[in-house]
Structures are given as structure tokens and as C-alpha cells.
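In: Okay, structure incoming, though there's no sequence with it:
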């Protein structure tokens, strides 16, 4: 084996020096690329975190809505049985009744409630009227000839 010549050694030395000098630049480029990749990964993590937080809030809201809907369904179950037994005619009648409720409430307040307030006095008044009617009946029965007139009226009713 022969030794390389001075030119080959110099050429080899230049190549080695060039390679050695370019290594830090290549390492720097690799580090820069790695830093950009890490920065993009951090951005993705931040965006993913925001999406997850938003999704968690949406799930919590959906759970609240579901609970509220379940409460409404539970509260309306007795009404479902009632509604299932209604005919179309009954539903229309109920709608008409609801339409009339304001008038009904006004008449109740203005006309019927004052009468109901006096109901405590009606009982004694009716008893007094009955007593007077009994007295009048007894007086009429005491009129001479009243029995004859009553029979005559009954006979005429039978003839017609």
C-alpha cells in the first residue's frame, strides 16, 4: 500500500474541514426545524384544549337540557293518558271553552260572586217565604166554596 500524495492529503483535509464546519450549520437548521415543529404542536395542543373545553361545556349544557326535558316528560305523563282519551270534538269544545274564559271570569266576578256573598241570608228568607206560603194556603182553603171551585177546575183540565 502506498501513501497518498500531498495533494490527496490536502484535498482530504479540505473535505473534512468543510464537513466539520457545515455540521454546526446543519445542526442549527435541525434545531430550528424542531423548534418550529414544537411550536406548531403547542398550537395544536392549545387549539385541541379549547375544543375539548368547548365540548365539555356543550356536554354539560346538553345534560341540563336532557334533565329539563325528562322533568317535563315526567310531569306530562298523566296528561298523556287524559289527552289520549279526548276526541277531536272534545278538543274543539275545550278550545272554545278556553276562548270564553275571560268572559266567564268577568261574569263570575261581576254577577255571580255578589250573589254568592248573600247566600248566608237566603236560607232564613226561604224559610220565611215557606211559612207565608203555608199561611196563604190555609187561608185559601178556609174560603167557603173553595173545594167546589178546585174540583171544577180539575174536571175542566180533564176535558181539555
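Out: Everything's here; your move. Not measured: the values here are computed from a predicted model. Residues are numbered from 1 along each chain as shown.
In: So which residues of this structure form helices?
Out: Assigned helices in the chain, in chain order: 6-84, 88-107, 113-117, 119-141, 146-159 (criterion: DSSP state H).
In: Run the angle between the longest one and helix 88-107 for me.
Out: Computed with axes from the mean of the first three to the mean of the last three Cα atoms, to 10 degrees, the direction of helix 6-84 lies at 80 degrees from that of helix 88-107.
In: Now helix 6-84: average pLDDT?
Out: For helix 6-84, mean pLDDT is 87.
In: Any chance of a markdown table for the helices of the chain, columns mean neighbour count?
Out: Where you see a C-beta, it was placed from the backbone N, CA and C, and this is true even at glycine. Output for the helices of the chain, formatted as a markdown table (neighbours: other Cβ atoms under 10 Å):
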| stretch | mean neighbour count |
| --- | --- |
| helix 6-84 | 10 |
| helix 88-107 | 10 |
| helix 113-117 | 9 |
| helix 119-141 | 10 |
| helix 146-159 | 9 |
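In: center of the chain, which residue is that?
Out: What sits nearest the mean C-alpha location of the chain, by Cα atoms, centre = their mean, is residue 72, with 6.1 Å.
In: if I look at that one, how far off is residue 96?
Out: 27 Å (Cβ to Cβ, to the nearest Å).
In: what do you get for residue 160?
Out: On the measure of Cβ to Cβ, residue 160 and residue 96 end up 44 Å apart.
In: which residue packs closest to residue 86, ignoring adjacent ones?
Out: If the residues on either side of it in the chain are set aside, residue 86 comes closest to residue 94, at 7.6 Å by Cβ to Cβ, 6 or more residues apart in numbering.
In: Perfect, that will be all.
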